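Participant: give the three-dimensional model of this entry:
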Amino acid sequence: MSTTNGGTAEEIQPQLQVVGQYIRDFSFENPNAPQSLNTNEQPQIAIQVNVGANPITGSETDIEVVIKLEGKAELGTNLLFQFELEYAGIFRIRNIPQESMSAVVLIECPRLLFPFAREIIATTVRNGGFPPLLLEPIDFVALYRQKMAQLQPAEGATPQ
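Facilitator: Predicted coordinates for the structure are as follows:
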């Protein structure tokens, strides 16, 4: 094991570890079954994605990251199904510069969680009597940039 400036190489390397992951909240509604199951038409599908993070009380390195996925499928004015999933993970993050921390937490952590959330939704929709809903990959970098833009005050705006 090599040492550099009094610390081991392992202590200095950036580390991102998944401590655990879990469903925090989940709801699936199939309000018009069984009539809604007898359609060959392509429904309109709408999906919303949000990412949030909270430090774990009593820990300097652990953060809970939550992906919230909300979706529904409609055929005209008829609701076929809707779901809400909050899928979370506890991440242990060490040796990440403070200026990079929010990007790691809001981009890399959800990127690791998303395949599991996607599978839960696909399986549940299939078990609800519909073809599996295979969500497209999500660009968490674009979501992060959008969120940061919302937090930044408008350039040139004068305080009132």
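Participant: now the helices for the chain?
Facilitator: Along the chain, the stretches classed as helices by DSSP state H are 9-12, 98-103, 109-127, 140-151.
Participant: max-length strand in this structure?
Facilitator: Selection of the longest strand in the chain by residue count, based on DSSP state E, yields strand 78-94.
Participant: and that one, what's buried?
Facilitator: Of the residues in strand 78-94, those buried by neighbour count under the rule 16 or more other C-beta atoms under 10 Å are 79-83, 85-93. Every C-beta, even on glycine, is put in place using the N, C-alpha and C of the backbone.
Participant: save these as TSV, and put in pLDDT and distance to residue 127 too.
Facilitator: Converted to TSV, the buried residues of strand 78-94 look like this (pLDDT from 0 to 100; distance: C-beta to C-beta, whole Å):
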residue	pLDDT	distance to residue 127
79	93	18
80	94	14
81	95	11
82	96	15
83	97	11
85	98	14
86	98	19
87	98	17
88	97	22
89	97	24
90	97	27
91	96	29
92	93	33
93	91	35
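Participant: with distance to residue 16 added, can I get these in TSV?
Facilitator: Converted to TSV, the buried residues of strand 78-94 look like this (distance: C-beta to C-beta, whole Å):
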residue	distance to residue 16
79	39
80	38
81	35
82	33
83	28
85	23
86	21
87	17
88	16
89	11
90	12
91	6
92	8
93	6
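Participant: mind checking how far stretch 96-116 is from the chain centre?
Facilitator: Taking C-alpha atoms, centre = their mean, to the nearest Å, one finds the center of stretch 96-116 at 10 Å from the center of the full chain.
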